[in-house]
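In: A structural model of the following input is requested.
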Amino acid sequence: MRLRKLGNTGLTASEVSLGTAEIGLDYGFKGSPQYGRPSLRDSIRLIHRCVDRGINWLDTARAYGDSEEVIGRALKDLPARPRISSKVIFDGPVVDMDATAQRGHVFGSIESSLRALQADSIDLLYIHNATEKMLRETAIRDSLEEARSQGKIRLAGATCYGEDDALAVLKDPLFQVLQVPFSLLNQEMRRRVFPEAAGKGVGVFVRSVFLRGVLTPQIDSLPERLAPLREHTSKILQVLGPEVDGLAEAALRFCLSLPEISSVLMGLKNEAELESNVSCLSRGPLPEAVMPAMAGMALSDRTLVDPTCWQDLI
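Out: Okay, here's the model as predicted:
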């Protein structure tokens, strides 16, 4: 497993990391045979296998069901623990609370995560789905800085959906890591966010690289509303030809072709998916000659590439 610099944090990240929403929640598309989460036993085996394979970051969140608890049980007896990132979420009412209540929310979330993870410290704590409005709340920022000074967290970061929110995060030096959606079909962050992050030494994790299974063999069982994606993704395979063995490999190797990306978060349900994805890493990034064509595969229709538009389907 190759390692990449995580911005200017002094840490490294395996080129692929484990995203654990699928361990803690039913995930995918309703009605799909892949929708349910794995059993506790299978989840623990999957985490152990990821560590064996050299994956050194696990990504979780308070909002991911019992994902943190599963990770805590899986890592309890491992001699070498991978690094863990978690998240504190702010819904509308919390953002509108006074400073004392906001601080209490941050520290309450951190303590809950530490108990679930059976850990003394969290390597990276994100603001979950950060917005420009949240970032203007100085109590939230100050609470994260206080938690870092106390050793409860090592790094602060933010996860975002939109370009403007991500650029707002990059203005604040407190946030040393950024997590954003990115895939062959949704390349919004590539134009401004990635160069800005690289220039400021901010590490970048990308998520949704398989777009909830769209860029995997599950493409054939998509809900009808997303049917236009089948024809579009077939063009990707036509361009790449024998260079890749399927959409998942194309999606993963495309992301690994961009040096601004520190690590690609993979959502996995089982060891077979892990082995399939890891096996293609030895082939490295996609050839430079095909990258312009891959850049042209991005779609501007948010209803097709943004899972926040699919709430009735997921």
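
In: just the strands in the stretch 151-300 of the chain please.
Out: With strands called from DSSP state E, counting those that start in this stretch, the stretch 151-300 of the chain shows them at 153-159, 175-181, 203-207, 263-267.

In: Strand partners (parallel or antiparallel) of the first one?
Out: Pointing back at strand 153-159 there. Using DSSP bridges, the strands paired with strand 153-159 are strand 122-128 (parallel), strand 175-181 (parallel).

In: Run through who's touching it.
Out: For strand 153-159, contacts defined as C-beta atoms under 8 Å, 6 or more residues apart in numbering pick out 9, 11, 85, 87, 110, 121-130, 135, 144-145, 147-148, 169, 174-180, 203, 207. No exception for glycine: its C-beta is placed from N, CA and C like everyone else's.

In: Show me just the buried residues among those residues.
Out: Listed as buried from the contacts of strand 153-159 are 9, 11, 85, 87, 110, 121-130, 135, 144, 147-148, 169, 175-180, 203, 207; burial here means 16 or more other C-beta atoms under 10 Å.

In: Check which residues of stretch 96-107 are buried.
Out: 97, 102, 103, 105, 106, 107.

In: typed the wrong thing, it's stretch 265-282
Out: Buried-residue list, stretch 265-282, by 16+ other C-beta under 10 Å: 265-271, 273-274, 276-278, 280-281.

In: Likewise for stretch 305-314?
Out: Quick answer for stretch 305-314 (16+ other C-beta under 10 Å): 305, 306, 307, 310, 313.

In: which outside residues touch it?
Out: Contacts to stretch 305-314, defined as C-beta under 8 Å, 6+ apart, come from residues 27-30, 161, 181, 183, 185-186, 208, 211-212, 223, 225-226, 298-299, 302-303.

In: ok, 7 Å please
Out: Residues external to stretch 305-314 that are found in contact with it (C-beta atoms under 7 Å, 6 or more residues apart in numbering): 29-30, 161, 185-186, 208, 211-212, 223, 225, 299, 302-303.

In: still on that earlier bit, let's have the buried residues of stretch 305-314 in CSV, adding secondary structure and distance to residue 256.
Out: Formatted as CSV, those follow (DSSP: H, G, I helix; E, B strand; the rest coil; distance: C-beta to C-beta, whole Å):
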residue, secondary structure, distance to residue 256
305, helix, 20
306, coil, 23
307, helix, 22
310, coil, 26
313, coil, 28
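
In: Now flag whichever of those residues is closest to residue 36.
Out: Closest approach to residue 36 among the buried residues of stretch 305-314 (C-beta to C-beta): residue 313, at 15.7 Å.

In: surely residue 40 meets residue 70?
Out: Yes. Shown here, residue 40 and residue 70 form a contact pair, counting by C-beta atoms under 7 Å, at 6.3 Å.

In: Check the offset of stretch 304-314 from the chain's centre.
Out: Centroid displacement of stretch 304-314 relative to its chain, using C-alpha atoms, centre = their mean, to the nearest Å, is 17 Å.

In: how far does that stretch stretch from start to finish?
Out: Stretch 304-314 has an end-to-end distance of 13 Å (C-alpha to C-alpha, to the nearest Å).

In: Now the buried members of the contacts of stretch 305-314.
Out: 29, 161, 185, 186, 208, 211, 212, 299.
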